[in-house]
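Peer 1: Provide a 3D model corresponding to the input given below.
(2 chains)
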Amino acid sequence: MFVKNAMPIPNSDIADMLNQTADLLEIQDENPFRVRAYRNASRTVRNLSGNAAEMIAEGTDLTEYQGIGKDLAGKIGQIVETGAFDVLTSLRQQIPGELDKLMHISGLGAKRVARLYKELDITNLEQLKQAVDSGRIRDVEGFGKKTEDNIREEIGRLMGADQKRLKIAVVEDLAAPLVAYLKKGEGVKQVTVAGSFRRRKDTVGDLDILVTCKKHSNIMDHFTRYEDVQKIVSKGATRSTVLLRSNFQVDVRVMQDANYGAALMYFTGSKEHNIAVRKIGLQKKLKLNEYGLFRGEKRVAGRTESEVYARIGLPYIEPELRENRGEVEAAQANRLPKLVKLTDIKGDLHVHTNYTDGHNSIREMAEAAKALGYSYVAITDHSQHLTIAGGLQPDALRKQMEEIEAIDQSLRGITLLKGTEVDILENGTLDWPSDLLADLDVRVCSIHHQFTLSKEQQTTRILKAMDNPYFNILGHPTGRLIQDRQAYAVDMERIMKAAAERGCLLEVNAHSDRLDLNDIHCKMAAELGVTVVISTDSHRTSHLENMRLGVGQARRGWLEAGNVANTRTLGELRKLLKPR
DNA sequence: GCCGTTTTCGGCCCGACTGTTTTCAGTCG
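Peer 2: Numbering: from 1, shown residues only, chains lettered A, B, ... in the order given. The predicted structure follows:
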């Protein structure tokens, strides 16, 4: 049985085990639909808003979820109870080494990995490298010189430093000049970045770019001549793939304007969303592909995405929702959220200045916020405990508050709020005395040390801090740094329930390294009735524009303007920030 | 292994590109 005090197994671990099972079954040439069933269940578990182990303990029947039937629900139960999965264990005994890892080499799938094992006894990357170097690979049926070269290159890439997915802000910087370049191609009409970039995922694995242009364009030649191209992986009339010098992959697909909507849907994905939508189409005898929506041979839609969705009988689904996390069902029931937009945001509530570790002055940050059209901005520098970031002493904070008031008097069209980013100390107290907290307008409360406390201790620490009547906003609630630092262990559901009860707000930190809360947590917040604040944690004026990244995550988490405190007018906002 | 306005069996999204092939399997998205 699930022991209450033991750390429950995270959803990601369960999902990984199911996915590894799928890989190994595929290597065994199992029924491909059984393989797919494991992959689907893996994805469903990964996307659950609650912890599967806790849900099971509370009596939730996992078969309610898409892709989990009686059998897999039982198997997930076993994983949760024992921490192990006998199907996977037995497969690992039958299949030696790291064959499933070899599958993740681009160009090698289950079939070829199995063949390499059967014929050359290759079970790991090192053996594969030796087989390539000695030329034995070429003797295997279906493997030729080109394949050998490809594998050699891929191994080199894998053994070198590679982090394939990049943070979305980094990808924005790669995409902008490439899009500008493509637009200069002969006969080019539209250039749109699709894929996970358009869905605003926090990291992006490759760029999918859709180009529409006149017939007989030489756009693919133009594309592959782009100066940052390191290698042309494939090049065809309608689709080409290259690697940039940074090893980042870019796919370009060429379409005619009449197909634009269908193609954009197709290339935006997610794959799982597209499959779900196509299934609904099939029920109505409609076939959907990147060239349009067809009834038999007849094309019935395709020019715009809205047209395609409408013809299938669905309202338009925003790209950020297209993860098959319930949006298709919500669309069928006409219960899609009306997502928050960047233009709904009326102010930024987490901004640093050169009083602590920011680069710009109070006035410069305020002017920059005003230029974005905001009606308020809060200055929230660090508290005394955070010496490494030049945390303020109480008298320095008093002096800053006076300066904020003075500058506020001199500004028109924007209100400057006196704020703080106050440390939550290890015992759950805040790093300022109550009399100081009382004189501030906004208190962002954050954890900046002792990341390694147990889940129970960390959760208790935060809950205790929330007992403070001046606690407004939990800053970067999990402390994760994308691809750099794991989230610290917290019971997010308990924290959110407590926040909802007490009127505390949770931050969606829009800094490109954080995006914390993440998308799944945002959705959980909406479900639990927690109001969030989307803030940039700016340390220089240019960071204020990161708001778009935070809004992207909020949209991926199904948040509406009503779920977001800083879409409200200053008067309404102040009510939420009053001490309790 | 899942699922059901095609409903408890018999389906399961669909097409492009490559490489190794002489007509297509494997891989990818």
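Peer 1: three-state assignment of A:V300?
Peer 2: State at A:V300, reduced to three classes by DSSP: H, G, I helix; E, B strand; the rest coil: strand.
Peer 1: what sits against it?
Peer 2: A:286, A:292-294, A:311 (Cβ atoms under 8 Å, 6 or more residues apart in numbering). Quick note: C-beta positions are derived from backbone N, CA and C, even for glycine.
Peer 1: for the residues you listed, which single residue is the most surrounded?
Peer 2: Top of the contacts of A:V300 by neighbour number is A:L293, holding 26 neighbours under the definition other Cβ atoms under 10 Å.
Peer 1: tell me which residues touch the residue lying closest to that one once chain neighbours are set aside, please.
Peer 2: Excluding the flanking residues, the one nearest A:L293 by Cβ to Cβ, 6 or more residues apart in numbering is A:A301, at 4.2 Å. Residues in contact with A:A301 (Cβ under 8 Å, 6+ apart) are A:261-262, A:292-293, A:307-308, A:310-311.
Peer 1: can you narrow those down to the ones near DNA strand B?
Peer 2: Contacts with DNA strand B within those, counted by Cβ under 7 Å from any atom of the strand: none were found.
Peer 1: for A:D357, pull up the helix or strand it's in.
Peer 2: Under the criterion DSSP states H and E, no helix or strand holds A:D357.
Peer 1: counting neighbours, what do you get for it?
Peer 2: Using other Cβ under 10 Å, the number of residues around A:D357 comes to 15.
Peer 1: what's the residue of the stretch 351-500 of chain A found nearest DNA strand B sitting at in phi/psi?
Peer 2: Closest residue of the stretch 351-500 of chain A to DNA strand B, Cβ to the nearest atom of the strand: A:Q483 (19.0 Å). Reported as degrees, to the nearest 10, the phi and psi values for A:Q483 are phi 60, psi 10.
Peer 1: now it: how far from A:G373?
Peer 2: From A:Q483 over to A:G373 the distance is 32 Å, taken as Cβ to Cβ, to the nearest Å.
Peer 1: A:L515 now?
Peer 2: Relative to A:G373, A:L515 is positioned 23 Å away (Cβ to Cβ).
Peer 1: about what we covered before: can you name the two of the contacts of A:A301 that sit furthest apart?
Peer 2: Across the contacts of A:A301, the longest distance by Cβ to Cβ is 13.5 Å; it joins A:G292 and A:A310.
Peer 1: using the three-state scheme, assign the closest residue in space to A:L207 that isn't next to it in sequence.
Peer 2: Closest residue to A:L207 apart from its sequence neighbours, by Cβ to Cβ, 6+ apart: A:V250 at 4.5 Å. Counting by three-state DSSP, the backbone at A:V250 sits in strand.
Peer 1: my guess is the residue of the stretch 351-500 of chain A closest to DNA strand B meets A:I168, correct?
Peer 2: No: the criterion here is Cβ atoms under 8 Å, and A:Q483 misses it with A:I168 at 11.7 Å.
Peer 1: circling back to that earlier point, got a pLDDT number for the residue nearest to A:L293?
Peer 2: What the model reports as pLDDT for A:A301 is 90.
Peer 1: next, the residue lying closest to A:E141 once chain neighbours are set aside: secondary structure please.
Peer 2: For A:E141, ignoring the flanking residues on the chain, the nearest one in space by Cβ to Cβ, 6+ apart is A:R115 at 7.6 Å. Assigned with three-state DSSP, A:R115 falls in the helix class.
Peer 1: please export the C-alpha coordinates of stretch A:221-235 as CSV.
Peer 2: Extracted in CSV, the C-alpha atoms of stretch A:221-235 (Å, rounded to 0.1, in the frame of the first residue of the first chain):
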residue,chain,number,x,y,z
ASP,A,221,17.9,26.4,-52.5
HIS,A,222,17.5,29.7,-50.8
PHE,A,223,16.9,28.1,-47.4
THR,A,224,19.8,25.7,-47.5
ARG,A,225,22.1,28.5,-48.5
TYR,A,226,21.4,30.3,-45.3
GLU,A,227,24.8,31.3,-43.8
ASP,A,228,24.2,29.6,-40.4
VAL,A,229,23.5,26.2,-42.0
GLN,A,230,26.1,23.6,-40.9
LYS,A,231,24.6,20.5,-42.5
ILE,A,232,21.8,19.7,-44.9
VAL,A,233,20.1,16.6,-43.4
SER,A,234,17.5,16.2,-46.2
LYS,A,235,16.3,18.3,-49.0
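Peer 1: I am finished for the moment; much appreciated.
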